[in-house]
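Asker: quick one, fold the following:
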Amino acid sequence: MNGKIISILILIIGTIAIWHLGFFNRYNYLTAKSDIANKNIQLVYIGESKLKPKDLNRVSKKYGFKIVGFGCALTTNEQNGIEMYNSQIDHFLGEYNGVGWKSEYKKEIDSLLKLTNIPKTAFWVEKDEIGYWYNIDWIHSHKNMGNISIYNHYGDLHTKGHFFMICPSEEFQLMDDLENQIDFYDGKNIQLKSNCYLMKRK
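Answerer: Below is the predicted model of the structure:
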């Protein structure tokens, strides 16, 4: 009788331990090994992010894996299982990508995060493989002046200020369709496709 009780207690304790370690959930040590064997390489992301999984996966696919979002609400055993799962996937990716892959991956993700700082109203203009994001913060087309923010392709704010249009006396133009009017930014003025340009007021 005592042997049966001990066996039952061991079984109960073992079941609780297995449950606590997340083995009854989708993500755990064993499912990580299975996914690696089946070449279904993915890392589980817990919580919210400014970037959606599909945006993160534009970068992660270059390193041989995809991101799966889990959300914020999770139990302790789910978190334990995910931690063990990610640990095994991370170990595999270290062998797959080599030393230093995480820092390169993080740089690319940081670049994407910076792009989230660019207003949705901004537009991209590129010439001779050099481009900038332009956002018209405010514009008075009849007075040919406005406030413009210019961002580089990494999402960093390059310059921001009050610009006004300068045109030859014989070539008057309204500042009303800058997305189609802008030719390039020369580091000082915004050159337009006409003979006009936008000068930043000091």
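Asker: so for stretch 156-169, what gets flagged as buried?
Answerer: Neighbour-count burial for stretch 156-169, counted by 16 or more other Cβ atoms under 10 Å, picks out 159, 163, 165, 167. (Each C-beta comes from the backbone N, C-alpha and C, glycine too.)
Asker: so Ser49 makes contact with Gly71?
Answerer: No - using Cβ atoms under 8 Å, Ser49 makes no contact with Gly71, being 10.9 Å away.
Asker: which one of these two has more residues nearby?
Answerer: More crowded of Ser49 and Gly71, by other Cβ atoms under 10 Å: Ser49, with 15 against 9.
Asker: my read is Lys50 is in a helix, agree?
Answerer: No - per DSSP: H, G, I helix; E, B strand; the rest coil, Lys50 lies outside any helix segment and is coil.
Asker: and the pLDDT at it?
Answerer: Predicted confidence (pLDDT) for Lys50: 73.
Asker: any idea how far it is from Leu112?
Answerer: 9 Å (Cβ to Cβ, to the nearest Å).
Asker: of these two, give the one with the bigger neighbour count.
Answerer: Higher neighbour count among Lys50 and Leu112: Leu112, with 16 against 10, using other Cβ under 10 Å.
Asker: give the contact list for that one.
Answerer: Under the criterion of Cβ atoms under 8 Å, 6 or more residues apart in numbering, the neighbours of Leu112 are 51, 55-56, 58-59.
Asker: now do Arg26
Answerer: So Arg26 contacts Gly81 (Cβ under 8 Å, 6+ apart).
Asker: do that again at 10 Å, thanks
Answerer: Contacts for Arg26 (Cβ atoms under 10 Å, 6 or more residues apart in numbering) come out as 44, 68, 70, 78, 81-82, 85.
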